[in-house]
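Chemist: here is the input, now give the coordinates:
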Amino acid sequence: MPKSMERLLWLQLIGIAAFNKVDYLMTLEALERGFKEANPFLAPMVGTFEFPLVKLLLVPLLLLLLWQLRHKIGRSLVTLAWVPFVAYSTVVLYHRMILF
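Modeler: Just a heads-up that it's a prediction; the model follows:
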């Protein structure tokens, strides 16, 4: 993978991690205001110790794993990384609209 693609991937993964943290904080705010968790996989974990572990530990660990495997996965990882990047940015914008 060329260095320019590695830099782009690095920025994508950092962006996903940042959006993930912002999503977590905004989700907590939304839950305090009476909203429900929309993610069907995470909804049963709300209010348990697993919720912050999944959001704040599992996601970054998966991103780190992707970074470690970037040479084995190849160039398609850069293309595929846009999916969670765009999804998280959309979720953060949605949170922003309903909370502020």
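
Chemist: so residue 99 sits right up against residue 26, yeah?
Modeler: Yes. Using CB atoms under 8 Å, residue 99 is in contact with residue 26, at 6.2 Å. For the C-beta atoms, the positions are set from N, CA and C on the backbone; glycine is no exception.

Chemist: the two: which has the busier surroundings?
Modeler: residue 26 (19 against 12; other CB atoms under 10 Å).

Chemist: now the more buried one: closest residue in space, sequence neighbours ignored.
Modeler: Spatial nearest neighbour of residue 26, chain neighbours left out: residue 95 (3.8 Å); criterion: CB to CB, 6 or more residues apart in numbering.

Chemist: name the element the one you found belongs to?
Modeler: Per DSSP states H and E: residue 95 is located in helix 82-99.

Chemist: contact partners for residue 54?
Modeler: Residue 54 makes contact with 42, 45, according to CB atoms under 8 Å, 6 or more residues apart in numbering.

Chemist: swap in 6 Å and give it another go.
Modeler: Counting by CB atoms under 6 Å, 6 or more residues apart in numbering, residue 54 touches no other residue.

Chemist: how near is it to residue 82?
Modeler: 22 Å (CB to CB, to the nearest Å).

Chemist: which element is residue 7 on?
Modeler: helix 3-32.

Chemist: for that helix, what does the pLDDT average out to?
Modeler: Helix 3-32 shows a mean pLDDT of 95.

Chemist: adjust the sequence numbering to begin at 7 for everything that follows.
Modeler: New numbering, starting at 7: the last item is helix 9-38.

Chemist: elements contacting that helix?
Modeler: Using 3 or more CB pairs under 6 Å, 6 or more residues apart in numbering; DSSP states H and E, the elements in contact with helix 9-38 are helix 65-74, helix 82-86, helix 88-105.

Chemist: C-terminal to that helix, what's the next element?
Modeler: Next helix or strand after helix 9-38 toward the C-terminus (DSSP H and E): helix 56-59.
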